[in-house]
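>>> Coordinates for the following, if possible.
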Amino acid sequence: MTAPPAAAPLLIACALGIEHLALRTGGRADGAGGPVTLLRTGMGPKAAEQAVTRGLGVPELRQAAVMATGFCAGLAPGMRPGDLVVAEEARDPRGSTPCDGTDVLAEALTRAVPRRTVHVGPLIGSDHIVRGAERAELLATGAIATDMESAATLHSAVRSGPRPVAAVRVIVDAPEHELVRIGTVRGGISAFRVLRSALPAFFDWHRSLLLPRR
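Next up, the predicted model:
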């Protein structure tokens, strides 16, 4: 008798310790479509690229779907801390990496975190924290949010082999709500709590990849 094929793994990558803690406490990994690995890459695009390339070199992760997640800065007026961003694509100076299952992911996040607004659009990478007028400059490119690791994470993922990729970020900093330090995010707008609540949506996205196409 032939053994059934192994379920596809999921690699979830984030940069910060607080992001990693939120994901570790966010829900049971058996809700995903296959084995789940949480990877803390460290901060910045170079660290993300190196960590993801190394992680996907492990034999059991070579076919893994990759989710980039964590916190970000919103670029568009009206965005608020605690809102979620689903990337249609992740851009950096090397180009753009299209994301898979964006609609499925946005719908799953709306169910998982019903009191938070979900924004869908391009995510742009930066090698530093964006402040002031630079926010408007990045918005003018068509991007709706920026962070330092997502574009590098997804670029490294697809460079390592064909696979589904996505990026979801929680806004901690926005045009009308500029953040001084992450410790100032409190209570109902806590990015930690939103990220933790979003984890089941990541599993829904992963399971959807395994469904037969019609």
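>>> contacts, neighbours, all on C-alpha from now
Fine.
>>> Relative to V170, how far out is R115?
Using C-alpha to C-alpha, to the nearest Å, R115 is found at 13 Å from V170.
>>> who's more crowded, those two?
Between R115 and V170, counted using other C-alpha atoms under 10 Å, the more crowded position is V170 (28 against 11).
>>> Quick one: residues contacting the more buried one.
In this structure, V170 makes contact with 69-72, 81-85, 191, 194-195, judged by C-alpha atoms under 8 Å, 6 or more residues apart in numbering.
>>> Tell me how far the residue nearest to L61 when sequence neighbours are not counted lies from H155.
With C-alpha to C-alpha, 6 or more residues apart in numbering as the criterion, L61 has its nearest non-adjacent residue at 6.5 Å, and that residue is P9. Taking C-alpha to C-alpha as the measure, P9 and H155 are separated by 18 Å.
>>> before we move on, back to that, could the contacts of V170 go into JSON lines alongside secondary structure and pLDDT?
Formatted as JSON lines, the contacts of V170 follow (DSSP: H, G, I helix; E, B strand; the rest coil; pLDDT from 0 to 100):
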{"residue": "T69", "secondary structure": "strand", "pLDDT": "98"}
{"residue": "G70", "secondary structure": "strand", "pLDDT": "95"}
{"residue": "F71", "secondary structure": "strand", "pLDDT": "94"}
{"residue": "C72", "secondary structure": "strand", "pLDDT": "92"}
{"residue": "P81", "secondary structure": "coil", "pLDDT": "88"}
{"residue": "G82", "secondary structure": "coil", "pLDDT": "91"}
{"residue": "D83", "secondary structure": "coil", "pLDDT": "94"}
{"residue": "L84", "secondary structure": "strand", "pLDDT": "96"}
{"residue": "V85", "secondary structure": "strand", "pLDDT": "97"}
{"residue": "A191", "secondary structure": "helix", "pLDDT": "84"}
{"residue": "V194", "secondary structure": "helix", "pLDDT": "94"}
{"residue": "L195", "secondary structure": "helix", "pLDDT": "94"}
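>>> Give the full set of residues in contact with the residue nearest the centre of the chain.
In the chain, the residue lying closest to the centroid (C-alpha atoms, centre = their mean) is T69, at 2.5 Å. T69 makes contacts with 12-14, 150, 167-170, as judged by C-alpha under 8 Å, 6+ apart.
>>> Could you tell me which of those residues count as buried?
Under a neighbour-count criterion of 16 or more other C-alpha atoms under 10 Å, the subset of those counted as buried comprises 12-14, 150, 167-170.
>>> Tell me which stretches of this structure form strands.
For the chain, the strands defined by DSSP state E occupy 10-14, 36-40, 65-74, 84-92, 95-98, 118-125, 145-147, 165-173.
>>> Just send these back as JSON lines, with distance to R135 too.
Compiled in JSON lines, these are given as follows (distance: least, C-alpha to C-alpha, whole Å):
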{"stretch": "strand 10-14", "distance to R135": "22"}
{"stretch": "strand 36-40", "distance to R135": "26"}
{"stretch": "strand 65-74", "distance to R135": "8"}
{"stretch": "strand 84-92", "distance to R135": "15"}
{"stretch": "strand 95-98", "distance to R135": "19"}
{"stretch": "strand 118-125", "distance to R135": "11"}
{"stretch": "strand 145-147", "distance to R135": "9"}
{"stretch": "strand 165-173", "distance to R135": "11"}
